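Novice: Sequence first, predicted coordinates after that:
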Amino acid sequence: MKRLMLGILLMVSWQYSAQELYMPRNIKKAYQNGTRDLSGAPGKNYWQNKGVYQVEVKVDAASKMVSGKETITYMNNSPDVLNELAVRFVNNLHKPQAPRSGMVSKDFLSSGLHIRAFVVNGEKYNVNSDNWGTVEKIKLTRPLRSKGKAEIKIEWEYPLSVESGREGQIDPETFYAAYSFPRISVYDDYNGWDLLPHSDRQEFYNDFNDYSFAITAPKNYVVWATGDFLNPDAVLQPEYLKRYKSSLKSDTVIRVATEQEMKSGKVTKPNKWNTWKFRASHITDFCFALSNHYVWDAASVQLKTKRASVQAGYKNGAKDFEHYVEWMQYNLSWFSKNWPGVEYPYNAMTAIQGYADMEYPMMINDTSIPDDLQDARLTADHEIAHTYFPFYMGINETRYAFMDEGWATTLEYLIGIDENGEDKAREFYKNFRVKKWINDPSAEQDQPIITMSTQVSGAGYGNNSYVKASLSYLALKDYLGDEVFKKALHHYMDNWNGKHPVPWDYFNSMNTGSGKNLNWFFSNWFFTNYYIAS
């Protein structure tokens, strides 16, 4: 009886503390199972699955087709037996029948992914990918046991779309290959398989995987990619190899290749095809770009424990991109020393001129804004700030976009103070971020920030994700003071670096890290439909 009463008291105590902030039943169950802890740290039973990807991919510049084969060693670290695998291929968004968040032109559409072969542990599966969406389940004939491994081999191809934002053809001879390979979707402790389809509004949620890529590109094409560039000697001509290697130790920007040098065919080895090799470990995604005429600039920046390579590829004459390497040198150093005050965690950062204003691990794809260098620079700052949220922290952007976009918006504002002065930074932040929310009285604007990102649309999605969340972070910084706020923020980041936090992990980590119960603050900012009057 004493044990029973003690158990009831502990349960009541837990429920009382947990329900100070609303918590959905699936998240509550994760805390009950000990995979997450009310201190804000991962629980004693925390786990996450992982894949090791060996990928060989070829880009045909004439046919605009990407084809490849991959071997995935997938580790089921969960306590569950997996009777199926969920396979995700974001670029099936381009299929005519794919659900999307808005209108697209006919040039956006394509046939999507074609699976040529799918093999699990040596057993061939008959897969018809014609009817696949952006995520599909495959029933396993032999279940994957807890703590077991599976070897998945996939051969595939897909066309590069003509009109797209985050990936596809930038011009007929420049390609940004993002989300370019089938991957195993996330299986986590609060939802099981992540089966939410990609709609082109919400962003992404991926496991921390190890990637080795061999990218075969046509003669005269330079490839930039996530990760460490492993074989420059094998693909670059001596003069350009010398320039590239010099950039790895140089504070001064080096023009590795001009547009004319690229077009003349002097830069890469004179083979019909060259294979470029890259590797990145414990990272949430991998992407690459290639062009035969983009200008290639490079330098590096000394951080506390390493020197990081910084590169840019862009169209000749893009006045803002001519500054990008210097800007990136500055913001990698600034983010490392100031806010968030955590050293840039990777060895490289590359910016490619495209159309997306979009972040990827160690890469960004930005629109050129040559007539407004302040806006262009803040765009670069914002996208590189995503290094920390969602890449250093494995944020579920699909469900909780405010956990990354709100922080990137905040960091963009804070570095903007240093770059442009406080008055200009405040004015830009108010005009570009805040006024669109406070001057719009529509009901869509008043949904609580905690609302899942898949459940809000239009301006409601953007302002919940970017503006309201950013204002909450800045308000908490003002309330706690910089010293305590940074201590609490680092506590949160240390807890969840390389893992998958949910909003309640943030709330609880900040409570513990600051030594204060901030639930009253989080309740008002995240769980109510309150608003700021203009």
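Specialist: Perfect, I can see it now.
Novice: just for this protein, where's the confidence low?
Specialist: Along the chain, segments meeting pLDDT under 70 span 1-19, 534.
Novice: One more pass at 90, please.
Specialist: For the chain, the stretches flagged by pLDDT under 90 are 1-20, 102, 163-165, 436, 439-444, 457-460, 531-534.
Novice: With residue 115 as the reference, measure out to residue 197.
Specialist: According to C-beta to C-beta, to the nearest Å, residue 197 stands 18 Å off from residue 115. For every residue, glycine as well, the C-beta is placed using N, CA and C.
Novice: wait, residue 426
Specialist: Distance of residue 426 to residue 115, given as C-beta to C-beta: 52 Å.
Novice: So between the two, which is more surrounded?
Specialist: Using other C-beta atoms under 10 Å, the more surrounded residue of residue 426 and residue 115 is residue 115, with 21 against 15.
Novice: next one: phi and psi at the more buried one?
Specialist: Phi and psi for residue 115, reported as degrees, to the nearest 10, are phi -90, psi 120.
Novice: tell me the contacts of it?
Specialist: Contacts for residue 115 (C-beta atoms under 8 Å, 6 or more residues apart in numbering) come out as 127, 128, 129, 132, 154, 155, 156, 182.
Novice: okay if I get these as JSON lines plus distance to residue 88, secondary structure and neighbour count?
Specialist: Formatted as JSON lines, the contacts of residue 115 follow (distance: C-beta to C-beta, whole Å; DSSP: H, G, I helix; E, B strand; the rest coil; neighbours: other C-beta atoms under 10 Å):
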{"residue": "127", "distance to residue 88": "14", "secondary structure": "coil", "neighbour count": "17"}
{"residue": "128", "distance to residue 88": "17", "secondary structure": "coil", "neighbour count": "8"}
{"residue": "129", "distance to residue 88": "12", "secondary structure": "helix", "neighbour count": "19"}
{"residue": "132", "distance to residue 88": "10", "secondary structure": "coil", "neighbour count": "20"}
{"residue": "154", "distance to residue 88": "12", "secondary structure": "strand", "neighbour count": "25"}
{"residue": "155", "distance to residue 88": "17", "secondary structure": "strand", "neighbour count": "16"}
{"residue": "156", "distance to residue 88": "13", "secondary structure": "strand", "neighbour count": "22"}
{"residue": "182", "distance to residue 88": "7", "secondary structure": "coil", "neighbour count": "26"}
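Novice: From the contact counts, what lies against the top helix by length along the chain?
Specialist: Counting residues, the longest helix in the chain under DSSP state H turns out to be helix 402-420. Using 3 or more C-beta pairs under 8 Å, 6 or more residues apart in numbering; DSSP states H and E as the contact test, the elements touching helix 402-420 are helix 324-337, helix 373-385, helix 422-429, helix 469-480, helix 503-514.
Novice: For the shortest one, buried residues please.
Specialist: Of the residues in helix 422-429, those scored as buried under the neighbour-count criterion (16 or more other C-beta atoms under 10 Å) are 425, 428, 429.
Novice: same thing with stretch 500-519?
Specialist: By 16+ other C-beta under 10 Å, the buried positions in stretch 500-519 come out as 500-514, 518.
Novice: and what of stretch 294-307?
Specialist: By 16+ other C-beta under 10 Å, the buried positions in stretch 294-307 come out as 294, 295, 296, 297, 298, 299, 300, 301, 303.
Novice: can you check stretch 518-534 too?
Specialist: Residues 518, 521, 522, 523, 525, 526, 527 are the ones in stretch 518-534 that count as buried (16+ other C-beta under 10 Å).
Novice: what do you get for stretch 106-121?
Specialist: For stretch 106-121, by 16+ other C-beta under 10 Å, it's 108, 109, 110, 112, 113, 114, 115, 118, 120.
Novice: Specify which member of the residues you listed is nearest to residue 367.
Specialist: Nearest to residue 367 among these: residue 108, at 17.2 Å, using C-beta to C-beta.
Novice: Can you name the residues that contact that closest one?
Specialist: Residue 108 neighbours (C-beta under 8 Å, 6+ apart): 94, 161, 162, 163, 164.
Novice: What count of nearby residues applies to residue 419?
Specialist: Residue 419, neighbours per other C-beta under 10 Å, totals 17.
Novice: just residue 432 next, same as before
Specialist: By other C-beta under 10 Å, the residues close to residue 432 number 16.
Novice: Could you confirm it falls within a strand?
Specialist: No: under DSSP: H, G, I helix; E, B strand; the rest coil, residue 432 falls outside any strand and is assigned helix.
Novice: where's it relative to residue 379, distance?
Specialist: From residue 432 to residue 379 the distance is 11 Å (C-beta to C-beta).
Novice: Need the three-state assignment for residue 150.
Specialist: When classified by three-state DSSP, residue 150 comes out as strand.
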